[in-house]
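**Q** got a sequence here, can you build the structure:
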Amino acid sequence: MKIIKYNLNILPQILKFIKKSKMTPRTKNSWIKNDMTNINMKDGNKIIGVLPFEKVHLKIKNKFEKILWISALFVLPKYRNQKIGTKILQSSEKFFIEKFKYIFVIREDYGSKAFRWYKKNGFIIVSKILSFEKKINKSIIKKPNYELLDNFNSFKKKGLILNKTFYNLNRKYDGYKKRDTKFWFNLKNHYYNRDYIFKILLLKESNNKHHYALIGKTKMRDNCFRFEILEFCSSNIVYKKLLLDSITYLAKKENCKKIRMKISIFDKFQDFLKKNKFKKNLETYILVKKLIKKNISLSNYKFFQTESI
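**A** Below is the predicted model of the structure:
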C-alpha cells in the first residue's frame, strides 16, 4: 500500500471513488473551481482511501490564513480498522505543513466513532454550532418591500453592494472566507448547488446602506422544503425584523414548511432568533488541528454556512 498525492491525472479515479461513499458527489468542475486537493491511499493500482480538502483563506484573528477544510474521509470497508485513515491524515500533515496553518472539519455526530477518531488524532473543538429552526404557521403576512435576487447573474450585478454590506457588518469577526464582489456569483460552483436553490433578499435603507439575507431552498436530508438562512446581514433592529419577515413571506409563498439557521455558540444573534420563536434543534462542532505551534482561539468566531455546507 502507498500514499499518493493528488494530481489532475487521477481526478477521474478520485471522483469515481467518492461516489462509492456517503460523501457529497463531486464533479470535475466543482472540484477545480473550489480549489480542492486530496491525499489517497492505494493498494496496488486500486484507491482504497481518500481525504479531500478545500484550500481556503479563512479569517482568523484578523488575518486571512491559509487553511485546509476537510470534506470527508472515506476508506473502503474492507480496509477499515487498519489505521489507514490515520496514515492518510499524517501524510497530509507532512505534505501541507509548509503552506497551511490549520486543518478544519465540521462534525455533527458528537461521541461517534468518527468524532472520537478526529479527537484521537489531535483535533480540538473550537466552537459549537447551534441550529435554530422555526416552523412556518398559516398566519397571513403583508408582503414586505424587498428586492429578490434569484439567479447568479443578479448576484453578480449586486456584487459590490453585497460585498460592502457583508464587510461593514462582519469585519470585526473571524470565520469567513476572503470575499470579493464575485463571491455570491461563484456560488454557482458550490458543490451543494445541485441541492440548494440560492436566493438573496435585499433591503435598501438608503443609497449607501443595504441589508440582505442569503437563502438556500432545499429539502436535503428532509422530507419537505425549507429555507436555510446562510447569511443574515443586518444589525439594525428595524431592518433585522423586516428582513426576517421578508424571508418568512417568501418561504410561505414557495411552500416551505420551516426556516433554519446555524450560528456559532458565541453569536449573540441567537437572542434575536429565540425572540422570534426559533427553537434549537441540532448541534454541530467545528474541530481544528493546528499545523503550527501557536494556539488557536476562536472566541470571536462567527459561523457562515456558505463556508461549510
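**Q** what separation do you get for the spatially closest residue to L291 that is not a sequence neighbour and H210?
**A** Leaving out its chain neighbours, the residue that sits closest to L291 by CB to CB, 6 or more residues apart in numbering is I97, at 4.8 Å. Placement of C-beta: from N, CA and C, glycine included. I97 is 42 Å from H210, where distance means CB to CB, to the nearest Å.
**Q** now for the nearest residue to E307 once chain neighbours are set aside: which residues touch it?
**A** Distance criterion CB to CB, 6+ apart; nearest residue to E307, sequence neighbours excluded, is K177 at 5.6 Å. Contacts for K177 (CB atoms under 8 Å, 6 or more residues apart in numbering) come out as V56, H57, L58, K59, F183, F304, T306, E307.
**Q** now do 10 Å
**A** Under the criterion of CB atoms under 10 Å, 6 or more residues apart in numbering, the neighbours of K177 are E54, V56, H57, L58, K59, F64, I67, W69, F183, F304, T306, E307.
**Q** which of the residues you listed sits closest to N34?
**A** E54 (5.4 Å; CB to CB).
**Q** helices along the stretch 51-200 of the chain, start to end?
**A** 84-96, 113-120, 152-157, 159-170 (DSSP state H, counting those that start in this stretch).
**Q** report all helices and strands that the first one contacts.
**A** Helix 84-96 sits against strand 2-5, strand 36-43, strand 46-60, strand 63-70, strand 74-75, strand 102-107, helix 113-120, strand 279-290, with contacts defined as 3 or more CB pairs under 10 Å, 6 or more residues apart in numbering; DSSP states H and E.
**Q** could you dump these to CSV with mean neighbour count and distance to L169?
**A** Listed next are those as CSV, based on neighbours: other CB atoms under 10 Å; distance: least, CB to CB, whole Å:
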stretch, mean neighbour count, distance to L169
strand 2-5, 14, 40
strand 36-43, 20, 29
strand 46-60, 20, 13
strand 63-70, 18, 17
strand 74-75, 20, 37
strand 102-107, 21, 23
helix 113-120, 14, 32
strand 279-290, 16, 21
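**Q** how about the ones you listed, which one is nearest K164?
**A** Of the helices and strands packed on helix 84-96, nearest to K164 by CB to CB is strand 46-60, at 16.7 Å.
**Q** got the angle between the closest one and strand 279-290?
**A** Strand 46-60 and strand 279-290 are oriented at 100 degrees to each other (axes from the mean of the first three to the mean of the last three CA atoms, to 10 degrees).
**Q** report the separation between S71 and K275.
**A** Distance from S71 to K275, by CB to CB: 36 Å.
**Q** correction: the previous question concerned N153.
**A** Distance from N153 to K275, by CB to CB: 36 Å.
**Q** cool, and K258?
**A** 18 Å.
**Q** those two: which has the busier surroundings?
**A** K258 (17 against 9; other CB atoms under 10 Å).
**Q** that one contacts I229, correct?
**A** No - K258 is beyond contact range of I229, at 11.3 Å (criterion: CB atoms under 10 Å).
**Q** pull out the buried residues from the longest helix anywhere in the chain.
**A** Assignment by DSSP state H gives helix 237-253 as the longest helix of the chain. The neighbour-count check on helix 237-253 (16 or more other CB atoms under 10 Å) flags 239-240, 242-252 as buried.
**Q** the helix or strand harbouring E228 pairs with which strands?
**A** Using DSSP states H and E, E228 falls within strand 226-233. Partners of strand 226-233 in the sheet, by DSSP bridges, are strand 209-218 (antiparallel), strand 258-264 (parallel).
**Q** okay if I get the ones you listed as JSON lines plus distance to Y102?
**A** JSON lines is the format used below for the strands paired with strand 226-233 (distance: least, CB to CB, whole Å):
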{"stretch": "strand 209-218", "distance to Y102": "25"}
{"stretch": "strand 258-264", "distance to Y102": "17"}
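**Q** and these: which comes nearest I197?
**A** strand 209-218 (4.2 Å).
**Q** quick revisit: next, the buried residues of the strand holding E228.
**A** Neighbour counts over strand 226-233 (16+ other CB under 10 Å) mark R226, F227, E228, I229, L230, E231, F232, C233 as buried.
**Q** distance to I88 and pLDDT added to those, as JSON lines?
**A** Formatted as JSON lines, the buried residues of strand 226-233 follow (distance: CB to CB, whole Å; pLDDT from 0 to 100):
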{"residue": "R226", "distance to I88": "35", "pLDDT": "96"}
{"residue": "F227", "distance to I88": "37", "pLDDT": "97"}
{"residue": "E228", "distance to I88": "31", "pLDDT": "96"}
{"residue": "I229", "distance to I88": "35", "pLDDT": "97"}
{"residue": "L230", "distance to I88": "30", "pLDDT": "96"}
{"residue": "E231", "distance to I88": "33", "pLDDT": "96"}
{"residue": "F232", "distance to I88": "37", "pLDDT": "97"}
{"residue": "C233", "distance to I88": "38", "pLDDT": "96"}
